[in-house]
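K.L.:
Next comes the sequence, and after it the predicted model I'd like to discuss.
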Amino acid sequence: MIIAENVHKWYGKFHVLQGVSLRVNRKEVVVLMGPSGSGKSTFIRTFNALEEYQQGRIEIDGITISHDLRNIEAIRREVGMVFQQFNLFPHLTVLQNITLAPIWVRRSPKIQAQESAMKLLERVGILEQAHKYPGQLSGGQQQRVAIARALAMQPKIMLFDEPTSALDPEMVREVLDVMRSLARDGMTMVVVTHEVGFAREVADRVILMDSGTLVESATPETFFSNPKEERTRKFLSQIL
Ligand code: ADP
Ligand code: MG
């Protein structure tokens with residue numbers, strides 16, 4: 001579903017992605033960990049063309065990313081993204097947040113978009129919040145709206161960038177539960193998170209990123225219990 005080959009990116013002189021390669025298979029769940037500033041967000045944002053890169057190649061479900069606008073639209077239709085800070089539209093209700101893109105980008109009839117949105121809200125467990133505004137919801141509820149909004153575009157891949165980092169501890173679980181069920185339903189997912197329990201239970205592979213490179217990629221079992229690389233051991237000693 002995702003092929004990234006030798007991707008390089010610079011911010012000015014700063015070499016943020018130093019030749020990163022990754023393949024993600026259909027239905028695979030990959031967890032990306034690593035110190036702050038190591039390039040995790042930058043890397044996964046290249047998968048839906050939110051970030052440009054200067055060298056290398058990225059292919060999403062058979063489509064090679066290019067600078068062509070049509071191409072970028074096609075990529076964004078395939079790849080849903082959930083951010084740390086929810087990024088909901090504050091002046092729209094939950095239902096409007098979810099139906100906006102299906103109606104205006106996918107050209108779905110409004111009634112149909114609303115019906116699908118209600119099903120998604122039920123799936124993420126907040127059907128009763130449909131007519132509220134984001135500001136009236138808890139962080140955990142807002143993040144579940146953000147997940148429903150991404151799913152409304154029927155993406156083939158979901159990217160999560162530290163989706164629980166901005167949440168109070170008691171709300172982390174409700175969001176991870178939704179992600180767990182998505183994974184169980186066979187969604188292809190790349191998740192930046194430091195939630196070790198989630199990674200152990202849900203990930204097919206855990207990858208350590210450091211200073212713009214992928215340091216180690218292993219099954220959760222090996223990654224957490226018997227990592228090969230010194231840098232992985234050091235990182236784990238800081239988060240475990
Ligand atoms: P992570 O998600 O692993 O914390 P990021 O991908 O956000 O790391 O950032 C990697 C590095 O790139 C950091 O050092 C950050 O300061 C830098 N960076 C991120 N965005 C920009 C930008 N728009 N301009 C310049 N430097 C940036
Ligand atoms: Mg980040």
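P.N.:
That came through, no problem. Ligands and ions are numbered 1, 2, ... in the order given.
K.L.:
mind listing what's buried in stretch 103-110?
P.N.:
Buried residues in stretch 103-110, counted by 16 or more other C-beta atoms under 10 Å: Ile103, Ser108. Glycine gets a C-beta too; all of them are placed from N, C-alpha and C.
K.L.:
what sits up against that stretch?
P.N.:
Outside stretch 103-110, the residues that touch it by C-beta atoms under 8 Å, 6 or more residues apart in numbering are Arg77, Thr99, Pro102, Ala113, Ser116, Met153.
K.L.:
So the last one sits against Thr99, correct?
P.N.:
No: contact status for Met153 versus Thr99: not in contact, 10.8 Å apart, counting by C-beta atoms under 8 Å.
K.L.:
Just want to know which of those two has more residues nearby.
P.N.:
Thr99 (26 against 17; other C-beta atoms under 10 Å).
K.L.:
And the pLDDT for the more buried one?
P.N.:
Looking at Thr99, its pLDDT reads 98.
K.L.:
tell me which element the nearest residue in space to Gln142 that is not next to it in sequence falls in.
P.N.:
Nearest non-adjacent residue to Gln142, counting by C-beta to C-beta, 6 or more residues apart in numbering: Phe86, 4.6 Å away. Of the helices and strands defined by DSSP states H and E, none includes Phe86.
K.L.:
show me the contacts for Phe86.
P.N.:
Pro134, Gly139, Gln142, Gln143, Val145, Ala146, Ala166.
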